[in-house]
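A.B. asks: Pasting a predicted model and its sequence here:
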Amino acid sequence: MEVAEGKLKTKLIQLNITTNRTKSIVDNGQAEAIERHQKTLRTVINEVDQLHIEIEALKITEQVKDEDLDAWNANLVTQIAKGDQSVEILKEWLNSRKTFCQTYEREEQIKFEVKLQETKTKFKAEHMGNQNTSGCQVASHADHPTDLGSRGGSVDHHQLWNQGPSWLSEETEWPADIIFEPNADSNTELKVTRSVFAATAQVHDDFDQLLDAHEVHKVLRICAWIQRFISNCRSRARDWQDGPLNAIEIEQQRLWWTKQAQLECQERLCFKQDQLQLNLQLNSEDIFECRGRSEGEFPIYLPDSHPFTHGIVRQAHLSTLHSGVSLTMACDVYWIPRLHHLVKKVRSACWGCKGFRAQAYQSPPQETFQAQGHKGLCHS
């Protein structure tokens, strides 16, 4: 029993330390740390309960007095109750966080749908108004040659059927073309159109074409050479930098590409959701980092739709010798949302993997004379 009581004493000290740590973890506001701390508390409480039952059975076997047993149980239950209270606090915080996330996502979705519906209504009203006020001149039934045949009339030697209306041959009598000029209302609706479809339209510049033509490491070197040329042009000859590229120049270009990828995705709806879920915060270099996934490690956030992110995943796929999804996803520098889908997309576009998975065509069946033979020709 002494060994069991020693284990129980150690677990109670551990429970007390873990309980006292609850307030500081809740104040930090990191969902992953709070969830992990809740699991730790529950594990320690379960271990204390098991030792409690075991020692209580031993005390009953040794016929300990009921008063001493009740006092011992009351003290132990009080300490366990503190741990249960901390678990409830953590559970309440996680539930409120989950409710807030769901509410925020629903509100953003409703705003987007309402805005899209308003834009559709405006476009429809404008289209109907243009149809009603278009001012198109329609010829009367008397000037329609097709009405002659459709109403059973004769078209033989008919001047209207052969030559058309009288104004058709005179260009000066043709109806004037309708020219729609933009006004304040149409310009306002044009701006709304651009804001609604900005979530799906993706703008590519000249630098993105480099990523389509070369790998990431080569693109970084090209940009580093360009930056060095610009710097040398802006400085005097004695301050020119020459020689091979160094690691600092390559790292500066990598940071520049990371900022560009994050800047282009900030206007999209998925970025707001990722910022809320991953607890994205700016570091000293104005780069978004994930502060809510792992304690003590802050990977850099990269949007999954940018060409630079595709290049990073493609480089990881090639460096692991065309490995599968799990090895390609193993990274500790960047955090890419929806990475599993992106890796599968990169692997499906890899020609090396396509050639490895491809199957050769089966040989066609042999002809009858090749399989069974045939008799030679008889010459008379």
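C.D. replies: Thanks, I have it.
A.B. asks: where's the closest residue to residue 318 other than its chain neighbours relative to residue 313, distance?
C.D. replies: Once flanking residues are discounted, residue 318 sits nearest to residue 215: 7.5 Å by Cβ to Cβ, 6 or more residues apart in numbering. (Each C-beta comes from the backbone N, C-alpha and C, glycine too.) In this view, residue 215 and residue 313 are 12 Å apart by Cβ to Cβ, to the nearest Å.
A.B. asks: same question, residue 217
C.D. replies: Per Cβ to Cβ, residue 217 is found 14 Å from residue 313.
A.B. asks: more neighbours, these two?
C.D. replies: Neighbour count, other Cβ atoms under 10 Å: between residue 217 and residue 313, residue 313 has more, with 24 against 13.
A.B. asks: The residue nearest to residue 318 against residue 312, yeah?
C.D. replies: No. Contact criterion Cβ atoms under 8 Å: residue 215 and residue 312 do not qualify, at 10.2 Å.
A.B. asks: that older thread, could you list every residue that touches the residue nearest to residue 318?
C.D. replies: Contact analysis of residue 215 by Cβ atoms under 8 Å, 6 or more residues apart in numbering lists 311, 314-315, 318.
A.B. asks: would CSV of these with secondary structure, distance to residue 352 and neighbour count be doable?
C.D. replies: Below are the contacts of residue 215 laid out as CSV (DSSP: H, G, I helix; E, B strand; the rest coil; distance: Cβ to Cβ, whole Å; neighbours: other Cβ atoms under 10 Å):
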residue, secondary structure, distance to residue 352, neighbour count
311, helix, 16, 23
314, helix, 11, 20
315, helix, 14, 15
318, helix, 8, 16
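A.B. asks: Could you single out the nearest of these to residue 346?
C.D. replies: residue 314 (5.3 Å; Cβ to Cβ).
A.B. asks: Assign a three-state SS to the residue nearest to that closest one when sequence neighbours are not counted, would you?
C.D. replies: Nearest residue to residue 314 in three dimensions, chain neighbours excluded: residue 346, at 5.3 Å (Cβ to Cβ, 6+ apart). Secondary structure, DSSP: H, G, I helix; E, B strand; the rest coil: residue 346 is helix.
A.B. asks: and the longest helix along the chain, what does it pack onto?
C.D. replies: With secondary structure taken from DSSP state H, the chain has its longest helix at helix 66-132. Here helix 66-132 touches helix 2-20, helix 22-28, helix 31-61, helix 184-196, helix 269-278, going by 3 or more Cβ pairs under 8 Å, 6 or more residues apart in numbering; DSSP states H and E.
A.B. asks: Would you tell me which of the ones you listed gets closest to residue 300?
C.D. replies: Nearest of the helices and strands packed on helix 66-132 (Cβ to Cβ): helix 269-278, 11.2 Å.
A.B. asks: just checking, next helix/strand downstream of the closest one?
C.D. replies: Next along the chain after helix 269-278, taking DSSP states H and E as the criterion, comes strand 280-282.
A.B. asks: what does the following helix or strand past that next one rub up against?
C.D. replies: Scanning forward in sequence from strand 280-282 by DSSP H and E, the next helix or strand is strand 288-290. Strand 288-290 is contacted by residues 262, 275, 278-283, 298-301, 335 when judged by Cβ under 8 Å, 6+ apart.
A.B. asks: Let's see that with 7 Å instead.
C.D. replies: Strand 288-290 is contacted from outside by 262, 278-283, 298-301, 335, using Cβ atoms under 7 Å, 6 or more residues apart in numbering.
A.B. asks: what's near enough to touch residue 40?
C.D. replies: By Cβ under 7 Å, 6+ apart, the neighbours of residue 40 are residue 18.
A.B. asks: Revised request: answer the last question for residue 28.
C.D. replies: Residue 28 neighbours (Cβ under 7 Å, 6+ apart): none.
A.B. asks: so is residue 256 in a helix, a strand, or just coil?
C.D. replies: helix.
A.B. asks: Output the contacting helices and strands for the helix or strand hosting residue 353.
C.D. replies: Assigned by DSSP H and E, residue 353 belongs to helix 351-357. When contacts are defined as 3 or more Cβ pairs under 7 Å, 6 or more residues apart in numbering; DSSP states H and E, helix 351-357 packs onto no helix or strand at all.
A.B. asks: in it, what counts as buried?
C.D. replies: residue 353 (16 or more other Cβ atoms under 10 Å).
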